[in-house]
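1. A structural model of the following input is requested.
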Amino acid sequence: MAVERCIGITKPLLHPAVVTMTRVRLTVLLIASTALTLAPQFPGTWCFLPVNGPLSIADANLALAFSILGLVTLSVSVVSNTISGLKLLQARFKDRCVKLNAARKHDVEMMTQLAGITVVSCVCWSPFLIYILISIGRFYKGISRPVRQCEKLFLLALRLASWNQILDPWVYILLRRAVLRRLLRLLQPDRAVFTQSSFDRDSHRKQMSLH
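-> Prediction:
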C-alpha cells in the first residue's frame, strides 16, 4: 500500500500503467503464498517463533525469515512514506504564495497522517523484529542468555508490536485537519478568540463597505 501510494503521489500519470489489476492480483497472491509458507505452527511453540531456549535449525531459520521479511517490509514502507511526504511538502512550498484550495489542504492532512503512521510503525515493530534478529544471531554464535530475562524482553517487545494495530486507526482519526484545529483551539483559547474576533471585524468592514 505504501509503494502504491508513493507511485500515485510522485508519478500520477504513470500510476495507471504500473498499478494494474493483474499486478495487484499477483502481488496479493505472492503475499498470501508467503504467509501460508511461514504460517504452519509446530506444536509446543508460541506464535511459531521459538526464539528463546533450545532451538532447532528449522525454528531458527523460520524466525530469521520472519524478522528479515518484517524489517524489509518496514524499511520499504518507511522509505515510500518518506518520499510521499517530501513530495507533498515540496508541492506545498511551491504553492505557499497561493491561497490553499481544498485539494492542497487534503494533501497537507495526508502528509501529517503519513508521518504519524511511519512513526507508529517504527516505534511499535522495530523492537520486536530487531529482538528476534539479535536472538537468532546469538543462537548461531552459541551465546546463551537467562531464559526468564529473555522471556520478559520478548513479551515486552511483542506487546509493543500489538499496539500498532490499535494505534493505526487512531492516527487517521486524530490527525485530521478538523480534529487538529479543535485541539489547537483547546490548547490556545486566547489565539482562537483573537482569530474569531479578527474574522468578525473583517466581516463587519466588508458589510460596511457594501452599504
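2. looking at this structure, which helix or strand is least sure?
-> Least confident helix or strand, the chain: helix 189-210 with a mean of 50, by mean pLDDT, DSSP states H and E.
3. low-confidence stretches in this protein?
-> Where the chain drops to pLDDT under 70, the residues are 40-53, 95-105, 144-147, 149, 188-211.
4. quick one, helices of it?
-> Here the chain has its helices, by DSSP state H, at 2-10, 15-18, 21-38, 57-94, 102-141, 147-174, 177-187, 189-210.
5. using CSV, lay out those together with mean neighbour count.
-> Where C-beta positions appear, they are placed from N, C-alpha and C, glycine not excepted. Converted to CSV, the helices of the chain look like this (neighbours: other Cβ atoms under 10 Å):
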stretch, mean neighbour count
helix 2-10, 18
helix 15-18, 11
helix 21-38, 10
helix 57-94, 16
helix 102-141, 17
helix 147-174, 13
helix 177-187, 11
helix 189-210, 10
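6. find the nearest non-adjacent residue to Met111, please.
-> Leaving aside its chain neighbours, Met111 sits nearest to Leu88 (4.2 Å; criterion: Cβ to Cβ, 6 or more residues apart in numbering).
7. go on, Ile9?
-> Nearest non-adjacent residue to Ile9 (Cβ to Cβ, 6+ apart): Ser84, at 4.7 Å.
8. the one you found contacts Leu114, correct?
-> Yes. At 5.8 Å, Ser84 counts as touching Leu114 under the criterion of Cβ atoms under 8 Å.
9. next, work out how far apart the residue nearest to Met111 and Cys6 are.
-> 11 Å (Cβ to Cβ, to the nearest Å).
10. for Ile134, same thing?
-> 30 Å.
11. swap in Leu89?
-> Taking Cβ to Cβ as the measure, Leu89 falls 14 Å from Cys6.
12. got the contact list for the nearest residue to Arg176 once chain neighbours are set aside?
-> Of all residues not flanking Arg176 in the chain, Glu109 sits nearest, at 6.3 Å (Cβ to Cβ, 6+ apart). Residues in contact with Glu109 (Cβ atoms under 8 Å, 6 or more residues apart in numbering) are Leu175, Arg176, Arg177.
13. can I get the residues you listed in JSON lines with distance to Phe154?
-> Compiled in JSON lines, the contacts of Glu109 are given as follows (distance: Cβ to Cβ, whole Å):
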{"residue": "Leu175", "distance to Phe154": "31"}
{"residue": "Arg176", "distance to Phe154": "36"}
{"residue": "Arg177", "distance to Phe154": "40"}
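14. having no further points to raise, I will conclude here.
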